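Participant: With the sequence up front, the predicted model follows.
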Amino acid sequence: MRRRVHDLYEIWAAAVRDLPSEHPETDLDFESWKRDDLEHPDLSDEGSFVALAGDRPVSLAFLTVDPARRLAYNQMTATLPDYRRRGLALMVKLASARWAAEAGIERLLTENDEENVGMLAINERLGYRPLYDQRGWAVELELPSAVPDESARSDESKRSSSV
């Protein structure tokens, strides 16, 4: 799986660009993806699967595993746009789920945007059920306005104190 790192990144980047979101992903640089996803210490080579068209990787399911807790997390399931609607995402995600069951994993988690109806259908077909609703929260911070220079402050205090 890891020998075709640029091909895997291509699949991931195409999927991230198409994910429904209020805040579209803009930072798709290769090195960050490689560090954060491909080199994740819990990423399982045995539990992650890639579908090929000929010798080209076109779909993937990445699985991270916590053996001590008998827990796995489906980190990403993705398919290149030209290969979607062929059952490839279902196939790789099912392969990961079967591997997890055979490896003694008792609980498999995933996340899904409620607008991604294709992946929702796959997850429902595989038996996933909602665990909780998640909302992202953000605050827009403004830099403090510039402090008036001292001469402006002195003039203002003179004006406000003179009657």
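Facilitator: Nice, I can see it.

Participant: got any ranges where the chain has weak pLDDT?
Facilitator: Filtered on pLDDT under 70, the chain yields the residue ranges 1, 21-27, 146-163.

Participant: mind listing the helices for it?
Facilitator: With DSSP state H as the criterion, the chain has helices at 5-18, 30-33, 88-102, 117-125, 150-161.

Participant: Go through the third one and flag the buried ones.
Facilitator: Pointing back at helix 88-102 there. 88, 89, 90, 91, 92, 93, 94, 95, 96, 97, 99, 100 (16 or more other CB atoms under 10 Å). Yep, even glycine has a C-beta here, placed from its N, CA and C like the rest.

Participant: show me the contacts for the residue nearest to residue 95 when sequence neighbours are not counted.
Facilitator: Excluding its sequence neighbours, the residue lying closest to residue 95 (CB to CB, 6 or more residues apart in numbering) is residue 49, at 4.2 Å. By CB atoms under 8 Å, 6 or more residues apart in numbering, the residues touching residue 49 are 60, 61, 92, 95, 96, 99.

Participant: partner residues bridging residue 49?
Facilitator: Beta-bridge pairing for residue 49 (DSSP bridges): residue 61.

Participant: ok, now how distant is it from residue 13?
Facilitator: 19 Å (CB to CB, to the nearest Å).

Participant: Residue 131 now?
Facilitator: Separation of residue 131 from residue 13 (CB to CB) stands at 27 Å.
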